[in-house]
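*Asks:* quick one, fold the following:
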Amino acid sequence: VQAARTGRPQYAADHPGNLPGVEDRPPSALAPHRPLLCVPLLTPRRAPLGVLTLSPQGERWDPDDAVMLIELARRAGIALDNARRFEHNRDIAETLQRALLTELPSAPGVGLAARYLPATHGLNIGGDWYDAFRQRDGSLVTVIGDVTGHGLHAAVMMSQLRTALRAYAVDGDSPGRLLTRLHGYLRHLQPDLFATAVIARFHPDDRTLTWAAAGHPPPVLRLPDGEVRTLDAKPGAMLGIPLSQDIPDHTERLAPGSTLALYTDGLVERRAQGIDPGIERLGSALASFDRAELDTDLEDAADRVLRPLLSDSERDDDVCLLLCHLRG
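*Replies:* Numbers count the residues shown, from 1 in each chain. Sure thing, here's the model as predicted:
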């Protein structure tokens, strides 16, 4: 108790210890016949996390051993404090990230299923996001993106980008125009922030898909017959870079039963292989479904897409997946 209150090491015994930096105390009521060295585990702010209590193998402590043990306790206190703060920040980032991920809307003719999996290693949570909402003309806008960086700052920046996109979308702009406006927003208002994104818009009347990409892995389209295509038409550059750009739109006619997969790089990228093999594996996973499976249970399909792609993943980055299925 004295060590915790004062923040100074204490030596409790029936004889003086004469240890450097240690205060001598009477024998402890916990072990009156055993010499005890009580060293506080301090944080950098001098708040004690606990007390390390040690007894010597013999009658007394060697002064050099005591110096080593006090230094060990000092480092242990700092390490414990860092671990607690790391866990606290990680929990906040994950909570904020999940709170900002949208509840998917119901849309006539289009089924949606989304998955978000936080990184399990390091403070790599934050920055990956998906969204889906309706425009005034009835079009369904789906979005997936990735803000540079990780942690709480990335989660906060992601929320700002998501809010800005929804505000711009009120005007009914196309995906390419929306990304171009987001690029201008980042350049002028958040010059140190960069992001990648894909926006895909489904129009209910003419079964047309319009999409645009900015520095993001390309959408993967599964046709009703099981054929898979990567929509890698010319994308824009990363959002926020010091470059003026006008991000183009691309259009694709869709048949009933088509499925579009939007995702972040954590799903397909591996350090040893790059990103292209992962995109091919995603395409193979989509091609393995029967059309009826996608029509009846898109949620289960999302889980079944994730399993083979994450089987070899170290999960050192967030993963987002958004499936959009055009019903018959």
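*Asks:* in the protein, where's the longest helix?
*Replies:* What stands out as the longest helix in the chain, according to DSSP state H, is helix 63-100.
*Asks:* that one packs against which elements?
*Replies:* strand 36-42, strand 48-54, strand 128-134, helix 151-169 (3 or more CB pairs under 8 Å, 6 or more residues apart in numbering; DSSP states H and E). For glycine as for every other residue, the C-beta is placed from the backbone atoms N, C-alpha and C.
*Asks:* the protein: helices as residue ranges?
*Replies:* Assignment of helices within the chain using DSSP H yields the ranges 2-6, 63-100, 151-169, 175-189, 265-268, 276-287, 291-296, 298-310.
*Asks:* mind listing what residue 105 touches?
*Replies:* By CB atoms under 8 Å, 6 or more residues apart in numbering, the contact set of residue 105 is 112, 132, 133, 134, 140.
*Asks:* ok, back up a step: dump the helices and strands packed on helix 63-100 to JSON lines, plus mean pLDDT, distance to residue 74 and mean neighbour count.
*Replies:* As requested, the helices and strands packed on helix 63-100 are exported to JSON lines (pLDDT from 0 to 100; distance: least, CB to CB, whole Å; neighbours: other CB atoms under 10 Å):
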{"stretch": "strand 36-42", "mean pLDDT": "93", "distance to residue 74": "7", "mean neighbour count": "23"}
{"stretch": "strand 48-54", "mean pLDDT": "91", "distance to residue 74": "10", "mean neighbour count": "16"}
{"stretch": "strand 128-134", "mean pLDDT": "91", "distance to residue 74": "38", "mean neighbour count": "22"}
{"stretch": "helix 151-169", "mean pLDDT": "83", "distance to residue 74": "27", "mean neighbour count": "19"}
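*Asks:* can you redo these as TSV with distance to residue 119?
*Replies:* Below are these laid out as TSV (distance: least, CB to CB, whole Å):
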stretch	distance to residue 119
strand 36-42	29
strand 48-54	27
strand 128-134	9
helix 151-169	10
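*Asks:* related to what we said a few turns ago, which one among the contacts of residue 105 gets closest to residue 61?
*Replies:* Each of the contacts of residue 105 was scored against residue 61 by CB to CB, and residue 132 proved nearest at 65.7 Å.
*Asks:* how many neighbours does the residue nearest to the closest one when sequence neighbours are not counted have?
*Replies:* Once its chain neighbours are removed from consideration, residue 132 has its nearest residue in residue 142; the separation is 4.7 Å (CB to CB, 6 or more residues apart in numbering). Residue neighbour count, defined by other CB atoms under 10 Å, stands at 28 for residue 142.
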